[in-house]
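**Student:** quick one: sequence and predicted model below, then my questions.
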Amino acid sequence: MYKMMTPGPTMVAPSVLQARSREFGNPDVDTDFCEEYHKVCTRLAELLDTENEVYILGGEGILALEAACASLTEPGDRVLVIDNGVFGKGFADFVKIYGGEPVLYTVDYHKPVETGKLRAFLEKDHGFKYATVVHCDTPSGVLNDISTICPLLKEYGILTVVDSVAAMFGEEVHVDDWKIDIICGGSQKALSAPPGLAFVSVSREAMESMENRRTPVASFYCSLLIFKDYYKEKWFPYTMPISDIYGLAEAVRLVGEDKDRIERHHRISAAVRRAVREAGLSLYLEHGDASTVTVVLVPEGIRDREIIRVMKEEHGILISGSFDVLAGKVIRLGHMGNNANTEDVAQMLTALTKTLHQLGFECLCDMGEVFLGLLFTPRPAI
């Protein structure tokens, strides 16, 4: 088996796998499970620094994004789609599916959204029901400053929907202070549980908007309204993936105990990017990289799929390329969640150095050695 050093899914702790193997009962009628589910939701809310309700959904992280749009969008609603990446632009598709009118605010994909320029745009046009923004747009690795973007949107009475699937638990998130109405997460990124679950926190204002719709939500599975009274009624709208939630509960426990988690992500990501540059490689972004993934331009004359193949087949390490407008142009190095540790990242970088050499590109250094040197100061000689 290879080591996954991709920007999700990530490597999973043995205790998470063990939790998923628990004997399980019937989540439809067992009220004890409802209590367990509620406990995990409450802990997620604490970690996201919010008093809002959190709901765990039975589906991969994308489900959370579509559910937010399905639940808020009515035919004819104008929705601001903040677009500086593939996933940012992708929100427009969800808005259109549910009858809304997406208005794209498109800026350079090589850098984060600039709040000052967004303010100038909003001064001219702010008639939007809600706005979507991606915290970390994983295909490019750009990190948008939701701590300033969301409060700005709220100044204009615009509900805020944030995709933080690839950022939360590797970057700071303070939902209430940052005025986020709906934030979307997934199990398989920095939370380091297997793929298959999504979760959202929903503000009172967002829930009221859903409750006061003129038309019903044009979906059942993607409706967040159906979860509103689950705890009061001890009833779920569909059979919950109970084993997945047992594993998620353990992953959430581990994150809560890992007090150095955010700072470690920052240290490791900074060292990775400096090592990559010292090797003579170029980063895709001009600035504003997320601490969960590093995106590297593929050297001229080499194919991304060959780098990925050699890394997997000869070094037992899986990295990834990208897609859409970035297909074939970059490789992505994941260092999120359980993968954000010095040993695994150093092995990945040394393997990448050897792989590029084999494929005809001579790095100026062993990236793994440079990475370790940046993180550890040698002890003075005795």
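**Tutor:** That came through fine.
**Student:** elements contacting whichever strand or helix holds residue 373?
**Tutor:** If you go by DSSP states H and E, residue 373 is part of helix 367-375. Contacts defined by 3 or more CB pairs under 8 Å, 6 or more residues apart in numbering; DSSP states H and E place helix 367-375 against helix 261-278, helix 342-358. All C-beta spots, glycine's among them, are computed from the backbone N, C-alpha and C.
**Student:** any buried residues in it, and which?
**Tutor:** In terms of neighbour count (16 or more other CB atoms under 10 Å), helix 367-375 has its buried residues at 367, 368, 370, 371, 372, 373, 374.
**Student:** quick one: contacts of that helix?
**Tutor:** With CB atoms under 8 Å, 6 or more residues apart in numbering as the contact definition, helix 367-375 has outside contacts at 267-268, 270-272, 274-276, 278-279, 342, 345-353.
**Student:** try 6 Å
**Tutor:** The contact list for helix 367-375 (CB atoms under 6 Å, 6 or more residues apart in numbering) reads 271, 275, 278, 279, 342, 346, 349, 350, 353.
**Student:** just give me the closest of those residues to residue 230.
**Tutor:** When the contacts of helix 367-375 are compared for distance to residue 230 (CB to CB), residue 342 wins out at 41.5 Å.
**Student:** quick check: mean pLDDT of stretch 4-15?
**Tutor:** For stretch 4-15, mean pLDDT rounds to 97.
**Student:** typo on my end, stretch 323-339
**Tutor:** 97.
**Student:** do the same with stretch 272-283
**Tutor:** 98.
**Student:** so what's the gap between that stretch and the chain middle?
**Tutor:** 23 Å (CA atoms, centre = their mean, to the nearest Å).
**Student:** residues touching residue 359, list them.
**Tutor:** Counted by CB under 6 Å, 6+ apart, residue 359 has contacts 302, 306.
**Student:** please, where are all the strands along the stretch 51-200 of the chain?
**Tutor:** 53-57, 78-83, 101-106, 130-134, 136-137, 142-143, 159-163, 182-186, 198-202 (DSSP state E, counting those that start in this stretch).
**Student:** which residues touch the fifth one?
**Tutor:** The list of residues contacting strand 136-137 from outside it, by CB under 6 Å, 6+ apart, reads 85, 87, 88, 143, 166, 167, 290, 292.
**Student:** over to the fourth one?
**Tutor:** Contacts of strand 130-134 from elsewhere in the structure, counted by CB under 6 Å, 6+ apart, are 72, 79-82, 85, 87-88, 91, 144, 149, 153, 158-163.
**Student:** kindly provide the whole-number mean pLDDT of the helix or strand hosting residue 309.
**Tutor:** Element membership of residue 309 [criterion: DSSP H and E] is helix 304-315. For helix 304-315, the mean per-residue pLDDT is 98.
**Student:** contacts for it, please.
**Tutor:** 2, 298, 317, 318, 319, 321, 328, 331, 351, 355, 359.
**Student:** buried ones among those residues?
**Tutor:** Going by neighbour count (16+ other CB under 10 Å), the contacts of helix 304-315 have 298, 317, 318, 319, 321, 331, 351, 355 buried.
**Student:** tell me the confidence at residue 376?
**Tutor:** 86.
**Student:** number of nearby residues for it?
**Tutor:** 10 (other CB atoms under 10 Å).
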